[in-house]
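>>> here are the coordinates; sequence isn't available:
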């Protein structure tokens, strides 16, 4: 396998396997969550050490290691959110009659602390790699943050496929802030912008003057952007996306709805007239 193929395979594996591991851990009994968070925090320390250690490593291996370390930092944030340790000040269904800014404020309140932690994590990653010759860790986290934010905005404004099955029972109230719609005005804008970014990254990766380190780094980021575009496509297509991580859902026990572990009960009834994850 050449360097480009290895970079693509690395990004694909971490995206698929990391997401599945997070889903599996989040589906375990809640009494295990403190241990999960403790383990993830230990991994966070190792990841930050890895980012610092590769800050001046402008080799192909350095690009791969920094990429994996940034993914681990992102996974720590996701685990804290999905286990309910860091969410927001609002933990309930959307209030009946909320519209416009009130609906936005309510939705923002459910994830406020999580979003602040993500921003703080981005700043920490930036500080750790500042002044070095290997910015792959920062590029990786920034890409994940930007594309996930785009996904959240689209789900809030309205898409066809909300993938509520990714929500654990203790966060099921979040579905009341989603909106189901064939399309929203922001979706084509987000798709065009992300596609333009992807095209630019691919062009940079295959340019003859691009060295091995930069080609690997850009390929890793381009693969992440390509996967994000794919996830955006999932938002408007009637596909069972959860089937990609069926093994990750096995830790979820069948609930009162009688569904098998790979599925979840239907989302809770909406409290408002409007009708409505994940990775690593």
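All right, it came through fine. All figures in this text were calculated on a predicted structure; none of them were measured in a lab.
>>> Which helix or which strand is home to residue 95?
For residue 95, there is no helix or strand it lies in under DSSP states H and E.
>>> How far off centre is the host helix or strand of residue 68?
Assessed by DSSP H and E, residue 68 sits inside helix 60-82. Helix 60-82 sits 11 Å away from the centroid of its parent chain (CA atoms, centre = their mean, to the nearest Å).
>>> what sits against residue 206?
residue 215 (CB atoms under 8 Å, 6 or more residues apart in numbering). For glycine as for every other residue, the C-beta is placed from the backbone atoms N, C-alpha and C.
>>> Specify the next element, helix or strand, located C-terminal of the helix holding residue 68.
Next element after helix 60-82 (DSSP H and E): helix 100-129.
>>> what mean pLDDT does the helix holding residue 68 have?
Averaged across helix 60-82, pLDDT comes to 97.
>>> And that helix, what's buried?
60, 62-82 (16 or more other CB atoms under 10 Å).
>>> Where does residue 134 sit: helix, strand or coil?
coil (DSSP: H, G, I helix; E, B strand; the rest coil).
>>> Test my guess that it contacts residue 60.
No - counting by CB atoms under 8 Å, residue 134 does not reach residue 60; the two are 10.9 Å apart.
>>> list residues touching both of those two?
Contact criterion CB under 8 Å, 6+ apart; residues shared by residue 134 and residue 60: residue 213.
>>> Tell me where the model's unsure across this protein.
Along the chain, the model assigns pLDDT under 70 to residues 1, 253-280.
>>> Kindly recompute the last result at 80.
Applying pLDDT under 80 to the chain flags residues 1, 95-98, 253-280.
>>> Please, where are all the helices along it?
Using DSSP state H, the helices of the chain run over residues 3-26, 33-53, 60-82, 100-129, 136-157, 186-206, 212-236.
>>> closest one to residue 171 among these?
helix 60-82 (6.9 Å; CB to CB).
>>> Show me what that closest one packs onto, helices and strands only.
When contacts are defined as 3 or more CB pairs under 8 Å, 6 or more residues apart in numbering; DSSP states H and E, helix 60-82 sits against helix 3-26, helix 33-53, helix 100-129, helix 136-157, helix 212-236.
>>> Make JSON lines out of the ones you listed and add distance to residue 179 and mean neighbour count.
Listed next are the helices and strands packed on helix 60-82 as JSON lines, based on distance: least, CB to CB, whole Å; neighbours: other CB atoms under 10 Å:
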{"stretch": "helix 3-26", "distance to residue 179": "24", "mean neighbour count": "18"}
{"stretch": "helix 33-53", "distance to residue 179": "29", "mean neighbour count": "16"}
{"stretch": "helix 100-129", "distance to residue 179": "9", "mean neighbour count": "16"}
{"stretch": "helix 136-157", "distance to residue 179": "7", "mean neighbour count": "21"}
{"stretch": "helix 212-236", "distance to residue 179": "12", "mean neighbour count": "21"}
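>>> Can you give me the distance of residue 146 to residue 205?
Going from residue 146 to residue 205 by CB to CB, to the nearest Å gives 19 Å.
>>> likewise residue 114?
Residue 114 sits 32 Å away from residue 205, going by CB to CB.
>>> Kindly check the end-to-end length of stretch 165-174 for me.
12 Å (CA to CA, to the nearest Å).
>>> Next: stretch 90-108.
For stretch 90-108, the first-to-last residue distance is 9 Å (CA to CA).
>>> start the count at 25, not 1, going forward
Okay, using 25 as the starting number, the last item reads as stretch 114-132.
>>> Return the distance of that stretch from the chain's centre.
Between the centre of stretch 114-132 and the centre of its chain there are 23 Å (CA atoms, centre = their mean).
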